[in-house]
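**Q** Return a 3D structure for these sequence lines:
(4 chains)
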Number of protein chains: 2
Amino acid sequence: MEKIRILLVDDHALVRASLKSLIAEFSGIEVVAEANDGLEALALVAKHKPDVVLTDISMPTLNGLEATRRIVKEHPGTVVVVLSMHTDEKWVQQAMRAGASGYLLKTSPPHELKLALESVAQGQIFLSPAISKQVVDVYLGRASGKDDPLDQLTPRQREILQLIAEGHASKRIAQLLGASVKTVESHRASLMDRLDIHDVAGLVRFAIRHGLVSPEE
Amino acid sequence: MEKIRILLVDDHALVRASLKSLIAEFSGIEVVAEANDGLEALALVAKHKPDVVLTDISMPTLNGLEATRRIVKEHPGTVVVVLSMHTDEKWVQQAMRAGASGYLLKTSPPHELKLALESVAQGQIFLSPAISKQVVDVYLGRASGKDDPLDQLTPRQREILQLIAEGHASKRIAQLLGASVKTVESHRASLMDRLDIHDVAGLVRFAIRHGLVSPEE
DNA sequence: CGACACCCTAGGGTTTTATCCTATCTGCTC
DNA sequence: GAGCAGATAGGATAAAACCCTAGGGTGTCG
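**A** Numbering: from 1, shown residues only, chains lettered A, B, ... in the order given. Coordinates of the predicted model:
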């Protein structure tokens, strides 16, 4: 049987190396590449076509949820497992809405990681038992499926909003995305228009409110 | 030569297992026990007398810093390395003050972990290069030993920082304060200089971190 | 299938802001 | 009273944002 091929995505090199080492102990699963952030992840998915992407949520340049949206859309053959420390309903919801096939807590025991990777590789959905309850609640209509204000933005707009909130100027963003400054300015203008927020400070606060970036460094 | 004996402490089982797996690859170092929280760590230190405790900061029952204080006090033969995702001065400071022998970032490359564990086992202090600067600054009296980074700004600077973070342009701030735009720009420049933050987004995140403004509207 | 909406792209030209360097006045400290 | 830090602000220059316009691609809906 073929080995399940994994792409690891986390901006913490030490966490990444540790996970890689742990996964190496699992028979039938191997790490074929590692990415330091969302943009790198996209490139590596295209290059390696892994079976499963295991990603953290908060990352520079392109966060895990946005990366997930893009990956599942552009690469139907690849599924994503989000690895998070948050048990909050909102994160689980956002991850599943972004198209993740699995949501795994960092508090999970190691065998759960193995099980999760194997399950999603077979097309199943895997949720850490600790958070399954919430999803079931929503399924039963007991909890709210509130709409995410980020949904009113296009993927490109969300991406650029995050980069703005991280402190990059349009010029730099253009470099990072390999696009013209003018293009970036267009997206910037349109997202400001949609959100009806017309200053950088407001954008940063909005981005923080909705989990696109963290106030921490 | 004897192997360096490690106690791993982290409430994220997956992180713990991963680190254990990574450390197992290092020759001369072995994990002798794992704890899920601070209290368990104390008990296991007493039981196993490890050479080094590698601990996360945020944990239930007893956080990493408090656990560190107790461990170094009650077990002089054991040293502690704090593993953190925060580069903030305040965390580094608190960790060192608690008696940690090392402060390692999760963004560090794997070999840094090995080096850190070996260094502290020999009685040395290990700091991730990325945060050493801060400690040296404090040593040289260049930075404040105070808890609140806002103290390094003058009242006028804090006032203007808040207005910037609220989304006002220099022009508007000048109006609000009844001063010249040039004056506002001077203060803005000097506060950016002091904080070493040179973009509005960074200022907003800083202001939010320190409670000057809220991300909410 | 064509009309239409929406997205991503990007150029030209203008205006607004930020930045760099400099300078005066005040109050406090050694 | 010399020195220093804070508050004030001007001039010149560089950078960034803003306004307007527009083509190519994709998808949807009568």
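**Q** Helix, strand or coil: sort out A:Glu34 for me.
**A** Following DSSP: H, G, I helix; E, B strand; the rest coil, we place A:Glu34 in the strand state.
**Q** Who does it form a beta bridge with?
**A** Taking DSSP bridges, one obtains A:Leu8 as the residues bridged to A:Glu34.
**Q** looking at it, it is touching A:His12, isn't it?
**A** No. Assessed by Cβ atoms under 8 Å, A:Glu34 is found out of contact with A:His12, at 11.2 Å. All C-beta spots, glycine's among them, are computed from the backbone N, C-alpha and C.
**Q** Identify the residues contacting stretch A:110-129?
**A** With contact meaning Cβ atoms under 8 Å, 6 or more residues apart in numbering or on different chains, stretch A:110-129 is reached by A:4, A:6, A:19, A:22-23, A:26, A:28-29, A:51-52, A:54, A:79-81, A:92, A:101-105, A:108, A:135, B:13-14, B:17-18.
**Q** Just checking the distance from that stretch to the centre of its chain.
**A** Here stretch A:110-129 is found 17 Å from its chain centre; the criterion is Cα atoms, centre = their mean, to the nearest Å.
**Q** mean confidence score for stretch A:49-65?
**A** Here stretch A:49-65 scores 88 as its mean pLDDT.
**Q** likewise stretch A:87-103?
**A** Computed over stretch A:87-103, the average pLDDT equals 80.
**Q** repeat for stretch A:19-33
**A** The pLDDT scores in stretch A:19-33 average 94.
**Q** what do you get for stretch A:157-165?
**A** Mean pLDDT, stretch A:157-165: 90.
**Q** check whether that stretch contacts chain B.
**A** Yes. Looking at stretch A:157-165 against chain B by Cβ under 8 Å from any Cβ of the partner chain, the contacts come from A:Ile164, A:Ala165.
**Q** Any chance you could give me that stretch in PDB, C-alpha atoms only?
**A** Extracted C-alpha coordinates of stretch A:157-165, given in PDB (Å, rounded to 0.1, in the frame of the first residue of the first chain):
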ATOM      1  CA  GLN A 157      -9.100  40.700  -0.700                       C
ATOM      2  CA  ARG A 158      -8.900  38.700   2.400                       C
ATOM      3  CA  GLU A 159      -5.300  37.800   1.600                       C
ATOM      4  CA  ILE A 160      -4.400  41.400   1.000                       C
ATOM      5  CA  LEU A 161      -6.300  42.500   4.100                       C
ATOM      6  CA  GLN A 162      -4.200  40.200   6.200                       C
ATOM      7  CA  LEU A 163      -1.000  41.500   4.700                       C
ATOM      8  CA  ILE A 164      -2.000  45.100   5.300                       C
ATOM      9  CA  ALA A 165      -2.800  44.200   8.900                       C
END
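**Q** which residue sits closest to the residue of chain A found nearest DNA strand D, ignoring its sequence neighbours?
**A** Nearest residue of chain A to DNA strand D (Cβ to the nearest atom of the strand) works out as A:Ser170 at 3.4 Å. Distances taken as Cβ to Cβ, 6 or more residues apart in numbering or on different chains place A:Val184 nearest to A:Ser170, at 4.6 Å, with adjacent residues excluded.
**Q** Burial check on that neighbour, number of neighbours?
**A** 24 (other Cβ atoms under 10 Å in any protein chain shown).
**Q** And for A:Val32?
**A** For A:Val32, the count of nearby residues is 16 (other Cβ under 10 Å).
**Q** and A:Leu105, what is it in contact with?
**A** With contact set as Cβ under 8 Å, 6+ apart, A:Leu105 has these partners: A:Leu83, A:Ser84, A:Met85, A:Thr87, A:Ser128, A:Ala130, A:Ile131, B:His12, B:Leu14.
**Q** repeat that for 10 Å
**A** By Cβ atoms under 10 Å, 6 or more residues apart in numbering or on different chains, the contact set of A:Leu105 is A:82-87, A:92, A:112, A:127-131, B:12-14.
**Q** And for A:Gly202?
**A** With contacts defined as Cβ under 10 Å, 6+ apart, A:Gly202 is in contact with A:Met192, A:Leu195, A:Asp196, B:Ala165, B:Glu166, B:Gly167, B:Val204, B:Glu217.
**Q** what about the helix or strand containing it and DNA strand C, touching?
**A** If you go by DSSP states H and E, A:Gly202 is part of helix A:200-209. No. Figure legend: helix A:200-209 not in contact with DNA strand C (Cβ under 7 Å from any atom of the strand); closest approach 8.1 Å.
**Q** so does that helix get close to DNA strand D?
**A** Yes. Helix A:200-209 reaches DNA strand D (Cβ under 7 Å from any atom of the strand) through A:Val200.
**Q** Report the buried residues of that helix.
**A** By neighbour count on 16 or more other Cβ atoms under 10 Å in any protein chain shown, the buried set for helix A:200-209 is A:Val200, A:Ala201, A:Gly202, A:Leu203, A:Val204, A:Arg205, A:Phe206, A:Ala207, A:Ile208.
**Q** Test my guess that the second one contacts B:Ile164.
**A** This points to A:Ala201. Yes. With contact defined as Cβ atoms under 10 Å, A:Ala201 and B:Ile164 form a contacting pair (6.5 Å).
**Q** any residues in contact with both of these two?
**A** Common neighbours of A:Ala201 and B:Ile164 (criterion: Cβ under 10 Å, 6+ apart): B:Val200, B:Leu203, B:Val204, B:Ala207, B:Val213.
**Q** quick one: the third one from B:Glu166, how far?
**A** Think B:Val204. Separation of B:Val204 from B:Glu166 (Cβ to Cβ, to the nearest Å): 9 Å.
**Q** Now A:His75: closest residue in space that isn't a chain neighbour?
**A** Excluding the flanking residues, the one nearest A:His75 by Cβ to Cβ, 6+ apart is A:Val45, at 5.5 Å.
**Q** And the one you found, how far from A:Lys73?
**A** 11 Å.
**Q** one step back: closest one of the buried residues of helix A:200-209 to DNA strand C?
**A** Checking the buried residues of helix A:200-209 against DNA strand C by Cβ to the nearest atom of the strand gives A:Val200 as the nearest, at 8.1 Å.
**Q** The residue nearest to A:Ser170 and A:Gly77, how far apart?
**A** Per Cβ to Cβ, A:Val184 is found 31 Å from A:Gly77.
**Q** Same question for A:Ala201.
**A** A:Ala201 sits at a distance of 42 Å from A:Gly77 (criterion: Cβ to Cβ).
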